[in-house]
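*Asks:* here is a sequence with its predicted model. Questions after.
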Amino acid sequence: MSRRSLLRTGAAAALGLTAAGCGFTTADPVASKPPDEPIKVRPDGDLVYFNWADFVDPAVFAGFEKEYGVKVIQSNFDSMEGMVAKLNAGNRYDIIFPTAKWAQRLAAGNRLRKIDHTRLRHAESVFGRYDYFADPWYDKDSAHTVPFTMYKTGIGWRKDKIGDDLTGSWDDLWNNRARGKVFVLDDRDEVLGMAALKRGLDIDTENENDLARITDTLHSLRPRLRGFSSDSYNNLLNGNAAMTQAWSGDMAAMLGQAKDPSVFGFETAKEGAPVNSDCYAIPVNAPHPGTAMLFIDYMLRPENVKKNIEYIGYPMPVGGSEDTYAAIVEPFPECLVQATDLKDDLYFRNGTSKGEQARDTAWTHVKAG
């Protein structure tokens, strides 16, 4: 399966999670006041790691274990909601990997330790080269996070099925040549956002009239739609999809599996391509925060950045790694994520409780057909 094929961002609002409430259990005493003292960067136990499955090269794990004499104890989640549920249940992890909007929720809920970037020897390769992350919207001054990966959303397709004369627009998902073999991501924000961009609306709109227009737009796609699936990687490879909404990183990873990469294409839409990023973060109750800091710094070493980019297919915002990723996605140049893409303000953001409920209702109608 694709590395992010189980992502279910859309379920967030169903749990009533807003930036203010964060969906965290209020009974947890550690949620009220994170420790003030900086984390000492030193081995203080094995690394308890919680991430999407298969998102770090095993060789990088092995090198970290050997160098610092610790073990990496892995657990995986299949959604951001699943990650929070585990945290609320009292599970303790040293390092987690929230997306941008979830990092904001975690920080607002006092669930993250502060990360002193000056204690990371390789932090300058991130913050000195990608100034966007020096003070991102989701975490002021990146006080609790370090960016891990970044990606954008576009359209993947099979040229052997529908040709190579697409328009570079979200309208291409309505292409009659792909009728019956079109997939969109099984992700509320991505699908509503795509239709919003097609209609010239804000990707995070909570306005009921806007959402009605978005729902109508997506209903018009139904006759061409085969289904909702975030496994765009395999749907294209096995021919289930002639065209699919897709994350750029999954399309890059697919290139390594395709017998003939020239059969496939990937485009981002001229109306706008949503962009997102994952973060390193250390929970407030991490048992071994020093080891977590060592792991972040180890992951930022140039040789490990290169290995991981080649393994997962997602770029990492680390200076000097750009050529590595560009070489991987040479057949799909629109997979590249530039600093200007980050600044286009096409991130999915946290909404109000009422707005999230309205978006959930729209998504329910879309899924129901």
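*Replies:* That came through fine.
*Asks:* residue 287: what secondary structure?
*Replies:* In three-state terms, and counting by DSSP: H, G, I helix; E, B strand; the rest coil, residue 287 is coil.
*Asks:* which ones are touching it?
*Replies:* 45, 48, 92, 94 (C-beta atoms under 8 Å, 6 or more residues apart in numbering). (C-beta placed from N, C-alpha, C; glycine too.)
*Asks:* now name the helix or strand holding the third one.
*Replies:* Spelled out, it's residue 92. Using DSSP states H and E, residue 92 sits in no helix or strand.
*Asks:* returning to that earlier point: now the contacts of residue 287 in JSON lines, with secondary structure?
*Replies:* Below are the contacts of residue 287 laid out as JSON lines (three-state DSSP):
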{"residue": "45", "secondary structure": "coil"}
{"residue": "48", "secondary structure": "strand"}
{"residue": "92", "secondary structure": "coil"}
{"residue": "94", "secondary structure": "coil"}
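*Asks:* which of these count as buried?
*Replies:* Among these, those scoring as buried are 45, 48, 94 (criterion: 16 or more other C-beta atoms under 10 Å).
*Asks:* list the contacts of the last one.
*Replies:* Looking back up the chat, that one is residue 94. The contact partners of residue 94, by C-beta under 8 Å, 6+ apart, come to 45, 47-49, 282-283, 286-289, 291-292, 295.
*Asks:* can you do 6 Å?
*Replies:* 47, 48, 286, 288, 291, 292 (C-beta atoms under 6 Å, 6 or more residues apart in numbering).
*Asks:* where's it relative to residue 123, distance?
*Replies:* Separation of residue 94 from residue 123 (C-beta to C-beta, to the nearest Å) stands at 18 Å.
*Asks:* can you check residue 82 too?
*Replies:* Note on residue 82: its distance to residue 123, by C-beta to C-beta, is 29 Å.
*Asks:* same thing with residue 308?
*Replies:* Applying C-beta to C-beta, the value for residue 308 to residue 123 is 17 Å.
*Asks:* between these two, which one's more packed in?
*Replies:* Using other C-beta atoms under 10 Å, the more surrounded residue of residue 308 and residue 123 is residue 308, with 23 against 19.
*Asks:* so which bits of stretch 58-69 are buried?
*Replies:* Buried residues in stretch 58-69 (16+ other C-beta under 10 Å): 60, 61, 63, 64, 68.
*Asks:* tell me if I am right that the first one is in a strand.
*Replies:* When you say that, I think you mean residue 60. No: assessed with three-state DSSP, residue 60 is helix; it does not lie in a strand.
*Asks:* from what I see, it and residue 305 are in contact.
*Replies:* No: counting by C-beta atoms under 6 Å, residue 60 sits too far from residue 305 to count as a contact (9.4 Å).
*Asks:* now do the helices in the stretch 201-350 of the chain.
*Replies:* Listed in chain order, the helices of the stretch 201-350 of the chain (DSSP state H, counting those that start in this stretch) span 208-221, 232-237, 248-255, 289-299, 302-312, 322-328, 339-342.
*Asks:* distance from the chain centre to the helix or strand following the last one, please.
*Replies:* Remark: after helix 339-342, the chain's next helix or strand is helix 353-368, criterion DSSP H and E. Taking C-alpha atoms, centre = their mean, to the nearest Å, the mean C-alpha location of helix 353-368 is offset from the chain mean by 21 Å.
*Asks:* what angle separates helix 353-368 from helix 208-221?
*Replies:* On the basis of axes from the mean of the first three to the mean of the last three C-alpha atoms, to 10 degrees, helix 353-368 is oriented at 20 degrees to helix 208-221.
*Asks:* so which of the buried residues of stretch 58-69 would you say is closest to residue 271?
*Replies:* Of all these, residue 271 sits closest to residue 60, with 37.3 Å by C-beta to C-beta.
*Asks:* export the buried residues of stretch 58-69 to CSV and tack on pLDDT and distance to residue 179?
*Replies:* Putting the buried residues of stretch 58-69 into CSV (pLDDT from 0 to 100; distance: C-beta to C-beta, whole Å) gives the following:
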residue, pLDDT, distance to residue 179
60, 98, 43
61, 98, 44
63, 98, 49
64, 98, 49
68, 98, 55
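*Asks:* my guess is residue 125 meets residue 319, correct?
*Replies:* Yes: contact criterion C-beta under 6 Å: residue 125 and residue 319 qualify, at 4.6 Å.
*Asks:* tell me which of these two has more neighbours.
*Replies:* Neighbour tally, residue 125 and residue 319, criterion other C-beta under 10 Å: the higher count belongs to residue 125, 20 against 15.
*Asks:* got phi/psi on residue 143?
*Replies:* Here is the backbone geometry of residue 143 (degrees, to the nearest 10): phi -70, psi -30.
*Asks:* now the nearest residue to it once chain neighbours are set aside: which helix or strand?
*Replies:* Among residues not flanking residue 143 along the chain, residue 114 sits closest, at 5.3 Å (C-beta to C-beta, 6 or more residues apart in numbering). Using DSSP H and E, residue 114 sits in no helix or strand.
*Asks:* so what does residue 112 have for phi and psi?
*Replies:* phi -130, psi 140.
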